[in-house]
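Visitor: Let's see this in three dimensions:
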Amino acid sequence: SKELRQTILSGNGEHHINVTKWRLNNEFNVEVELFAPKVPYRETITKVACAQYRHKKQSGGAGQFGEVHLLVCPAEGELNTKFKIDGKDTQLNIKTQDITELEWGGKLEFYNCVVGGAIDLGFMPAILKGIKERMVEGPLTGSYARDIRVFVYDGKMHPVDSKEIAFIIAGRNAFREAFRNAGPKILEPIYNVEVLTPAEYQGACMSDLQNRRGILGDLGTDRGFSVLRARVPLAELYRYSTTLSSITSGSATFTMEFADYQPVPGDVQTKLLAEYAAQEQEED
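Guide: So this is what the prediction gives:
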């Protein structure tokens, strides 16, 4: 997986994976170490925030200069262009726009609202590029960011030193600062899980799903079996097939399919942020 930087080995349950590992080791002389698969989290924002960033570099010869002022807000509901900026009610006027459906889900809405030629129109693609680069590796945990509106409303340029790279860097850093001040949230993938179990194990299966932060839905029956439906975070489904087999003496089956992304609870977000910070420290 390019996103998770892991090689994913899939199988029909843990036994199948262990057999495959044994074969790789004994038949092909390939040493394999198994880890829990990482979860493809996402990042987004919940509030409005502004930020500005000036990139200035002078080292003999030609320099680099670019300054970007921008505002971010969640990409939801009707498009609003009236905000309080620097304590003043401000009506932004959209000059150009770019709506991107992101390959990892969600979207980025980019609006150029610069007036008076503070930033040349020709530098807008560079600012957008810098923002997209930052969204590929989100400011919170390095996960993809999504569902964000960005309004570039002011900035500065230099007649000689302003160039594309300067505005890529300024856009990237202004976006990162605004994102961090906009009530950032980590989103986790939720799966629809359906369990088919003999009636005598229904209670045990329900308790197990709830212990996995699952939200139980409809209960039903099918050919004498109980059918349980629940929405469960993917992070809680690791080794679920093994546990289900254990609590039902191997008599239950289940299916799971992706449903949507939802914000993680506050305590989970705190834990994920701490893990990411520790990982970053290790890499440094």
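
Visitor: In the worst-scoring helix or strand of the chain on mean pLDDT, which residues are buried?
Guide: Taking mean pLDDT, DSSP states H and E as the measure, the helices and strands of the chain show their lowest mean at helix 14-27, namely a mean of 85. Of the residues in helix 14-27, Lys21 count as buried by neighbour count, 16 or more other C-beta atoms under 10 Å. Quick note: C-beta positions are derived from backbone N, CA and C, even for glycine.

Visitor: Same check on stretch 190-203?
Guide: 190-191, 193-197, 201-202.

Visitor: Can you say which two of these are spatially most distant?
Guide: The distance between the two most remote of the buried residues of stretch 190-203 (C-beta to C-beta) is 24.0 Å, for Ile190 and Tyr201.

Visitor: And the pLDDT at the spatially most central residue of the chain?
Guide: The residue lying closest to the centre of the chain (C-alpha atoms, centre = their mean) is Arg42, at 1.2 Å. pLDDT recorded at Arg42 is 98.

Visitor: Let me see the residues that make contact with the least confident helix or strand of the chain.
Guide: In this structure, residues lying in contact with helix 14-27 by C-beta atoms under 8 Å, 6 or more residues apart in numbering are 9-11, 30-32, 34, 239, 241-242.

Visitor: Could you tell me which of the residues you listed count as buried?
Guide: Ser241.

Visitor: Looking at the contacts of helix 14-27, which one is closest to Leu79?
Guide: For the contacts of helix 14-27, the residue nearest Leu79 by C-beta to C-beta is Ser10; the value is 41.4 Å.

Visitor: which residues in this protein form helices?
Guide: 14-27, 124-136, 164-180, 202-211, 240-247, 266-283 (DSSP state H).

Visitor: Give me the angle between the least confident helix or strand of the chain and helix 240-247.
Guide: 120 degrees (axes from the mean of the first three to the mean of the last three C-alpha atoms, to 10 degrees).

Visitor: Fine by me, we can end here.
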